[in-house]
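>>> Got a predicted structure plus its sequence, pasted below:
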Amino acid sequence: MTTTAPSLPAVGEERTLVVVDDLTRTRLVQYAGVSGDYNPLHTDEIFARDVAGYPGVFAHGMLTMGLTSRVVTEWVGEERLTEFGVRFAAQVWPGDTLTATATVESVEAGVARFGITTVNQKGEAVIKGWATARLAD
């Protein structure tokens, strides 16, 4: 029996992944507990709305970043990820569905560089970023 190795990402290739469907307030509170980030902007509706002036609670940036990373790690494996960075472009609200797309921008010396964009259900970018990953051991 012959097995075929997975193909390596090629320049211009892209992958798209829904990283969260209908983000819940419960998930925000769970993330606060795991991360230790108890900023009330993310967990206290009354504080976020009445004190801070936002429409309500919104997702931690690092939660959104972590969810976004899945588009690359599910493609090449988390053990191959060498760098990951983002710019937060918009807030993420409860009820949002986020879709991340990674595009291979270059492959040099066995390392792929990806451009990454995450959009909400309205098609609005919430994250723009990049990652690099080793393609071989």
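Great, that's in hand.

>>> remind me, longest helix of the chain?
Counting residues, the longest helix found in the chain (DSSP state H) is helix 61-76.

>>> helices or strands up against that helix?
strand 14-20, helix 25-35, strand 81-88, strand 98-108, strand 111-119, strand 125-134 (3 or more Cβ pairs under 8 Å, 6 or more residues apart in numbering; DSSP states H and E). Yep, even glycine has a C-beta here, placed from its N, CA and C like the rest.

>>> got JSON lines for the ones you listed, with mean neighbour count and distance to residue 47 too?
Below are the helices and strands packed on helix 61-76 laid out as JSON lines (neighbours: other Cβ atoms under 10 Å; distance: least, Cβ to Cβ, whole Å):
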{"stretch": "strand 14-20", "mean neighbour count": "16", "distance to residue 47": "23"}
{"stretch": "helix 25-35", "mean neighbour count": "14", "distance to residue 47": "13"}
{"stretch": "strand 81-88", "mean neighbour count": "14", "distance to residue 47": "21"}
{"stretch": "strand 98-108", "mean neighbour count": "18", "distance to residue 47": "24"}
{"stretch": "strand 111-119", "mean neighbour count": "21", "distance to residue 47": "26"}
{"stretch": "strand 125-134", "mean neighbour count": "20", "distance to residue 47": "22"}
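
>>> Which one, of those, ends up nearest to residue 56?
helix 25-35 (8.7 Å; Cβ to Cβ).

>>> relative to strand 14-20, how tilted is that closest one?
If you take axes from the mean of the first three to the mean of the last three Cα atoms, to 10 degrees, helix 25-35 sits at 100 degrees to strand 14-20.

>>> picking that back up, in JSON lines: the helices and strands packed on helix 61-76, plus distance to residue 54.
Output for the helices and strands packed on helix 61-76, formatted as JSON lines (distance: least, Cβ to Cβ, whole Å):
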{"stretch": "strand 14-20", "distance to residue 54": "20"}
{"stretch": "helix 25-35", "distance to residue 54": "13"}
{"stretch": "strand 81-88", "distance to residue 54": "15"}
{"stretch": "strand 98-108", "distance to residue 54": "19"}
{"stretch": "strand 111-119", "distance to residue 54": "20"}
{"stretch": "strand 125-134", "distance to residue 54": "15"}
